[in-house]
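*Asks:* Take this sequence and fold it.
(one chain, ligands or ions: 2)
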Amino acid sequence: MSEIDWSNLSFSYMKADYNVRCYYRDGKWGELEIHSSEMISMHMAATCLHYGQEAFEGLKAFEGKDGKVRVFRMEENAQRMINSANGLLMAPVPEELFCNAVQKAIELNKRFVPPYESGASLYIRPLLIGTGAKVGVSPADEYLFIIFVTPVGPYFKAGFKPTNMMITRLHDRAAPLGTGNIKAGGNYGASLVAGEEAHHKGYSAVLYLDSREKKFIDECGPANFFGIKNNTYITPESKSILPSVTNKSLFQLAQDMGLKAERRPIPLEELETFEEAGACGTAAVISPIGKIDDIDTGKSYIFSKDGNPGKNCEMLYKKLRAIQYGDEPDPYGWVTVI
Ligand code: PLP
Ligand code: COI
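*Replies:* Ligands and ions are numbered 1, 2, ... in the order given. Prediction:
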């Protein structure tokens, strides 16, 4: 694979050799199938095309110094996809099937796992869609679960460098009691206009406020938010944000590093008291936030004056990566060696 420039990968799609698929028909999941085609064929009245029966996941595998490939916390993603399926009345993919499919997809595409030195990783994208035909608004009788993989570099162009975000009150990504807490494709469709606006203005993402009152911090378009002050890692509690596996991991690692950790509503005004802030997620890893501009009020919240990440963000980033790449012990059993 000498033609892949592993160290300069962006977060984009590259064809790998195989994807794995499983169909749900007649009330049960079938056998895992291996495919080399990137195409799927389905009924034009499939519910995923009309009524949003679609949910996805994102997780990563890493090659270690020892040449072993490790996948990070796949059981958490399996459980989240079960929640997403329940939230959209889809057939849930059992954890065992999900984890077998992840392992299979990695094994079959091992030559696409970026080498240790590159700092890149293999992104794993599980997808669950309603394929049964319906014209009335109702759940499908048939579902397709697919996993494809693609080697990726950093999600935000800056990598581990502070990046800027904007706050707007003109768009919400999820309703207060809607689907924000599950990984429904519709949430991402709803975030495209605001995301484009942010990119045009030179920001890497929108930081959403709670959609009921616009008083509290929710999350970024593709990642959770955290702030750090007084030796405390603080991350929002909200019914409309996606429970991030990365955030959950950092919440633990922060405490292991001697910080306190709090999950609670974060009022917008509190932003100015944070010494550091960051966005975290599988794709984003940790992206330190340089500043947040509130487009409506003209107020700016600055976290990095010198263009460098804060010391706590850096320590958390290094610790998380060390566990993922197998450089340091994995005290909580978060990684599975493939
Ligand atoms: N929030 C949103 C809206 C996301 O799309 C993601 C990405 O999956 C995250 C947060 C981060 O979650 P995780 O750390 O599980 O990837
Ligand atoms: C992820 O971090 O896995 C995401 O899903 C973020 C984005 C690519 C949607």
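
*Asks:* and stretch 185-204, which residues are buried?
*Replies:* Residues of stretch 185-204 classed as buried by neighbour count (16 or more other CB atoms under 10 Å): 185-187, 190-191, 194-195, 197-198, 203-204. (Glycine included, C-beta is placed from N, CA and C.)

*Asks:* do stretch 55-69 as well
*Replies:* Within stretch 55-69, judged by 16+ other CB under 10 Å, the buried ones are 55-63, 69.

*Asks:* quick revisit: which one of the buried residues of stretch 185-204 sits closest to ligand 1?
*Replies:* Closest to ligand 1 out of the buried residues of stretch 185-204 is Asn187 (6.6 Å), distances taken as CB to the nearest ligand atom.

*Asks:* Could you check how far Thr232 is from ligand 1?
*Replies:* Shown here: Thr232 relative to ligand 1, a distance of 20 Å by CB to the nearest ligand atom, to the nearest Å.

*Asks:* thinking again about what came up before, can you list which of the buried residues of stretch 185-204 are found in helices?
*Replies:* Among the buried residues of stretch 185-204, the members falling in helices are 185-187, 194-195, 197-198 (criterion: DSSP state H).

*Asks:* can you put those in JSON lines and add distance to Phe274 and pLDDT?
*Replies:* Formatted as JSON lines, the entries for those read as follows, by distance: CB to CB, whole Å; pLDDT from 0 to 100:
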{"residue": "Gly185", "distance to Phe274": "32", "pLDDT": "97"}
{"residue": "Gly186", "distance to Phe274": "31", "pLDDT": "96"}
{"residue": "Asn187", "distance to Phe274": "26", "pLDDT": "97"}
{"residue": "Ala194", "distance to Phe274": "23", "pLDDT": "97"}
{"residue": "Gly195", "distance to Phe274": "23", "pLDDT": "96"}
{"residue": "Glu197", "distance to Phe274": "24", "pLDDT": "97"}
{"residue": "Ala198", "distance to Phe274": "20", "pLDDT": "97"}
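
*Asks:* Which residue would be the closest one in the stretch 101-250 of the chain to ligand 2?
*Replies:* Pro222 (3.8 Å).

*Asks:* In this structure that residue contacts Met165, no?
*Replies:* No - judged on CB atoms under 8 Å, Pro222 makes no contact with Met165 at a distance of 11.3 Å.

*Asks:* what touches both of these two?
*Replies:* Common neighbours of Pro222 and Met165 (criterion: CB atoms under 8 Å, 6 or more residues apart in numbering): Ala205.

*Asks:* Remind me what the helix or strand hosting Leu122 packs against, helices and strands.
*Replies:* Secondary structure assignment for Leu122, by DSSP states H and E: strand 121-130. Here strand 121-130 is seen to pack against helix 47-50, strand 54-56, strand 59-63, helix 74-87, helix 95-108, strand 143-152 when contacts are counted using 3 or more CB pairs under 8 Å, 6 or more residues apart in numbering; DSSP states H and E.

*Asks:* For the fifth one, C-alpha coordinates in PDB please.
*Replies:* Put plainly, it is helix 95-108. Written as PDB, here are the backbone C-alpha positions of helix 95-108 (Å, rounded to 0.1, in the frame of the first residue of the first chain):
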ATOM      1  CA  GLU A  95     -24.100  -6.500  21.000                       C
ATOM      2  CA  GLU A  96     -22.500  -9.800  20.000                       C
ATOM      3  CA  LEU A  97     -23.400  -9.400  16.300                       C
ATOM      4  CA  PHE A  98     -22.200  -5.800  16.400                       C
ATOM      5  CA  CYS A  99     -18.800  -6.700  18.000                       C
ATOM      6  CA  ASN A 100     -18.300  -9.700  15.700                       C
ATOM      7  CA  ALA A 101     -19.000  -7.500  12.700                       C
ATOM      8  CA  VAL A 102     -16.600  -4.800  13.900                       C
ATOM      9  CA  GLN A 103     -13.800  -7.400  14.300                       C
ATOM     10  CA  LYS A 104     -14.500  -9.000  11.000                       C
ATOM     11  CA  ALA A 105     -14.500  -5.600   9.200                       C
ATOM     12  CA  ILE A 106     -11.100  -4.800  10.700                       C
ATOM     13  CA  GLU A 107      -9.600  -8.300  10.000                       C
ATOM     14  CA  LEU A 108     -10.700  -8.200   6.400                       C
END
